[in-house]
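Participant: Below are the sequence and a predicted model for it; my questions follow.
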Amino acid sequence: MTINAASFRELRLDRLSRDFGSHNALKDVSLTIGKGEFIALLGPSGCGKSTTLNLIAGLLPATGGGIWLDDKRIDPLRPEERGFGMVFQNYALFPHMSVNRNIGFGLKMRGVPRAEIDRRVAEAAALVRLQGQTEKLPGQLSGGQQQRVAIARAIVVEPPLVLMDEPLSNLDAKLRLEMRAEIRRIHNTLGATTIYVTHDQEEALSLADRIVVLRDGVVRQVGTPEDLFSRPDHLDVAEFMGFRNKVKGQVASAAEGRATVAVGEAQIAGRTRNAVTAGAEAWLAIRPEDLHPVAAGQPGLTAQVVSTEFRGREFVGFARMADGTDLSFLAHDKLSPGETVTLAAEPDRVLVYGGAA
Amino acid sequence: MSTDVSIPLKQRLAARGLDGLTLLVVPAVLFLLALFIYPFLYGLFLSFEPKQGGVFANYQRFFSDSFLYGTIGTTLWLALPVTIATLALAIPIAFRVRLMRNQRLLTTILVIPITLGTVLVAEGLLNYLGPQGWFNRTLMTLGLISSPVKLLHNYWGVMLSLVITGFPFTFLLTLSYLSGIDPALEQAGATLGAGPWERFKHILFPLLLPGLAITFCLSFVQAFSVFPSAVLLGAPAGPTRVISIAAYQAAFEEYDYSMASAVAMIMALVQLAIVVAVLAARGLLYRGPAGGGKG
């Protein structure tokens, strides 16, 4: 394999900002990305993740801060001078060019000799498993194949950095899983540095070495998938990581990273993630898969069952507490609507966040 | 054991796209029949019934008299450069306007000449380009010329007025074709190392070309049927004696409607020949969607 990523040590975003009129799409984002890393920018729509990617690619000028590749400041450069590979959400394949010419476009622009273009295009097509399709026009390919062409086109020029903007969002669920594995395989084969934008936390968790969670144009947390999954720093990150149950309560006691929170009559124990003081308000965050019905009388949240859905091995239940808070939980048995249940989770699985949400 | 499974006629017609809605095209069909098909066929037959001579006498006369057949060349010599000039103006302006946020104001200004009509534009140009007009006086004041440039009652007057009145149409059509190209394609080109000129050459222009061919045809047909500006701003007896003037003279000076019809038929054939040639060339191009993916 001769396709290899050009080398650099690190890409640095230094207090990068972007305003659209009075709206700050991105506020002082600082981030250092090492060579060979797979970084996922994760967040809900409108959080600034695509803006960040477009700023790095040069498709959008920054309104503050800078972007550095080692000691070279690259944010004044035009996109064609940066030489990063980019995979667009809708693939952006040139519809009038064959697959071969699409993949070879970047090499042609760099003045690579014809024979070498042919050789490298063939290699890239083989890497993304597109042999035999290369004379077709993009319109004659399936969505998954178009995606592969877009990836091959971005990596064939051996860019120091590959940028991917929600590349799997237009594919069906099965193809998405396949392409996810494919993207990781290609990343490992090339040793390229990849920045991957997604709103799907599962995708980010399974692909990335590190995840950057953005919200309202601000970096909320940077960490490994394991970090984010089990130790989210903020309530909103926790929510994004699947802690879908948010319950408000009053801190009864707090010490050494543990706290007990009073919710109505019940006392719920959990791990604290930020400063929590006794007597103050706090939020509990619990994953639905960690919340189960227990025998009445045991400590737990009391709620009325709204409905249950069969999910194969278990039932997913939906319940409402007396104050109107909605809960989702897992149950082994079907529950009938209107039934009163007590729901509890292991204290290690309950996160406590002090302060207002 | 057989049951009657025949499908009602109404349902079978509907499956072929014929239902109550089809009736809505009736007014349009009647309109076309009355105002286009019938006059066309009437003129076609009339052209084969000359005042004197055989069936083809009008056509023989047209192609043996240089004063008549010469109008084809004269008209082409106006219409083709005008079409190319309007396209050459419209493409760069459309490329610039496409990137602007306040497109509407500029588009409105550029489109105003359409609403003025040919005659008003011609009147304006008579004042503006005349020997005492601003144009010549400005150039003389600046010392660029010593005597007025003759821009009226010749080829250039007609050419200029056709470019002015033809431009808005060409521009709007070009802009809409250009806006139909997914902006992500250009961005993809840029991230792959293509500069502005290369992006135009390899991505935007090839995708725009089929639309430009259609724009060319429509603009050409408009320019080819020039009449008012050729009379008002040109030299209708000489260099700008276009084919529509020949038809007018046959009809209203010689009162030979048959001959006028023959001229009109020849005019239609010349236009058709150019349009067919351009569309045939377009057939060789990529004509699929100008988007970058399935989405």
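Facilitator: In hand now; what should we look at? Numbers count the residues shown, from 1 in each chain, chains lettered A, B, ... in the order given.

Participant: Can you name every helix or strand that the host helix or strand of A:Glu226 contacts?
Facilitator: Using DSSP states H and E, A:Glu226 sits within helix A:225-230. Where contact means 3 or more C-beta pairs under 8 Å, 6 or more residues apart in numbering or on different chains; DSSP states H and E, helix A:225-230 is packed against helix A:201-207, strand A:210-215. Every residue, glycine included, has its C-beta placed from N, CA and C.

Participant: Now render those as CSV, adding mean pLDDT, mean neighbour count and distance to chain B.
Facilitator: Output for these, formatted as CSV (pLDDT from 0 to 100; neighbours: other C-beta atoms under 10 Å in any protein chain shown; distance: least, C-beta to the nearest C-beta, whole Å):
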stretch, mean pLDDT, mean neighbour count, distance to chain B
helix A:201-207, 91, 19, 18
strand A:210-215, 94, 23, 21
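
Participant: Mind putting the ones you listed into JSON lines with distance to B:Glu253?
Facilitator: Shown next, in JSON lines, are those (distance: least, C-beta to C-beta, whole Å):
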{"stretch": "helix A:201-207", "distance to B:Glu253": "79"}
{"stretch": "strand A:210-215", "distance to B:Glu253": "78"}
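
Participant: Indicate which one of these is closest to A:Leu343.
Facilitator: Closest to A:Leu343 of these is helix A:201-207 (C-beta to C-beta; 23.4 Å).

Participant: Tell me which residues are up against the closest one.
Facilitator: A:38, A:40, A:42, A:168, A:176, A:180, A:183-184, A:196, A:198, A:211, A:225, A:228-229, A:240-242 (C-beta atoms under 8 Å, 6 or more residues apart in numbering or on different chains).

Participant: Out of those residues, which end up buried?
Facilitator: A:38, A:40, A:42, A:168, A:176, A:180, A:183-184, A:196, A:198, A:211, A:225, A:228-229, A:240-242 (16 or more other C-beta atoms under 10 Å in any protein chain shown).

Participant: taking those residues one by one, which sit in helices?
Facilitator: Judged by DSSP state H, helices contain the following of those: A:Arg176, A:Arg180, A:Ile183, A:Arg184, A:Pro225, A:Leu228, A:Phe229, A:Phe240.

Participant: Touching, A:Gln298 and A:Ala345? I think so.
Facilitator: No: counting by C-beta atoms under 8 Å, A:Gln298 stays clear of A:Ala345, with 11.8 Å between them.

Participant: quick one: which of the two has more around it?
Facilitator: A:Ala345 (23 against 10; other C-beta atoms under 10 Å in any protein chain shown).

Participant: Contact partners for the more buried one?
Facilitator: A:Ile286, A:Arg287, A:Asp290, A:Leu291, A:His292.

Participant: Please tell me the pLDDT value assigned to residue 109.
Facilitator: Going with chain A. Looking at A:Met109, its pLDDT reads 94.

Participant: Please refer instead to chain B.
Facilitator: On the pLDDT scale, B:Ile109 gets 83.

Participant: element containing it, please.
Facilitator: Per DSSP H and E: helix B:103-116 holds B:Ile109.

Participant: And for A:Gln304?
Facilitator: Going by DSSP H and E, A:Gln304 is part of strand A:301-310.

Participant: what distance separates that strand from the centre of its chain?
Facilitator: 30 Å (C-alpha atoms, centre = their mean, to the nearest Å).

Participant: Residues of chain B that sit close to chain A?
Facilitator: B:182, B:184-185, B:187-195, B:198, B:202-203, B:206-207, B:286, B:288-295 (C-beta under 8 Å from any C-beta of the partner chain).

Participant: okay, now residue 234: neighbour count?
Facilitator: Picked chain A for this. 17.

Participant: meant chain B actually
Facilitator: Neighbours of B:Gly234 (other C-beta under 10 Å): 29.

Participant: which residue packs closest to it, ignoring adjacent ones?
Facilitator: B:Thr240 (3.0 Å; C-beta to C-beta, 6 or more residues apart in numbering or on different chains).

Participant: Please apply the same query to A:Ile155.
Facilitator: In space, A:Ile155 is closest to A:Gly85, 5.5 Å off (C-beta to C-beta, 6+ apart).

Participant: Kindly state the pLDDT recorded for the one you found?
Facilitator: pLDDT, A:Gly85: 92.

Participant: Does it touch A:Pro167 like I think?
Facilitator: No: with contacts counted by C-beta under 8 Å, A:Gly85 stays clear of A:Pro167, the gap being 11.7 Å.

Participant: quick one: which of the contacts of A:Ala345 is nearest to chain B?
Facilitator: Distance to chain B, by C-beta to the nearest C-beta, is smallest for A:Arg287 among the contacts of A:Ala345, at 32.6 Å.

Participant: what about the closest residue to A:Ala269 other than its chain neighbours, how many residues close to it?
Facilitator: Distances taken as C-beta to C-beta, 6+ apart place A:Pro347 nearest to A:Ala269, at 4.0 Å, with adjacent residues excluded. When neighbours are counted by other C-beta under 10 Å, A:Pro347 registers 15.

Participant: can you check B:Ala251 too?
Facilitator: If we define neighbours as other C-beta under 10 Å, then B:Ala251 has 17 of them.

Participant: thought it was touching B:Tyr257?
Facilitator: Yes: the pair B:Ala251 / B:Tyr257 is scored as a contact, 5.8 Å apart, by C-beta under 8 Å.

Participant: Check which helix or strand the spatially most central residue of chain B maps to.
Facilitator: Most central in chain B under C-alpha atoms, centre = their mean is B:Ser219, positioned 2.2 Å from the mean C-alpha point. Per DSSP H and E: B:Ser219 is located in helix B:205-224.

Participant: picking up where we left off before, can you tell me how far the residue nearest to B:Gly234 is from B:Ala230?
Facilitator: Using C-beta to C-beta, to the nearest Å, B:Thr240 is found at 5 Å from B:Ala230.

Participant: anything in contact with each of these two?
Facilitator: B:Leu78, B:Val158.

Participant: which ones are touching the residue nearest to B:Leu44 when sequence neighbours are not counted?
Facilitator: Spatial nearest neighbour of B:Leu44, excluding adjacent residues (C-beta to C-beta, 6+ apart): B:Met265 at 6.2 Å. B:Met265 makes contact with B:Gly43, B:Leu44, B:Ser47, according to C-beta under 8 Å, 6+ apart.

Participant: Name the helix or strand for the first one, please.
Facilitator: Looking back up the chat, that one is B:Gly43. Judged by DSSP H and E, B:Gly43 forms part of helix B:38-47.

Participant: what mean pLDDT does that helix have?
Facilitator: Mean predicted confidence for helix B:38-47 is 93.

Participant: Tell me which residues are up against it.
Facilitator: Contacts for helix B:38-47 (C-beta under 8 Å, 6+ apart): B:Asn58, B:Tyr59, B:Tyr257, B:Ser258, B:Met259, B:Ser261, B:Ala262, B:Ala264, B:Met265.

Participant: Make sure the second one is indeed in a helix.
Facilitator: Yes: remark: B:Tyr59 belongs to a helix, assigned using DSSP: H, G, I helix; E, B strand; the rest coil.

Participant: Name the residues of the lengthiest helix in chain B that are buried.
Facilitator: For chain B, the helix reaching the highest residue count under DSSP H is reported as helix B:66-98. For helix B:66-98, burial by neighbour count (16+ other C-beta under 10 Å) applies to B:68, B:71-72, B:74-76, B:78-79, B:82-83, B:85-87, B:89-91, B:93-95, B:97.
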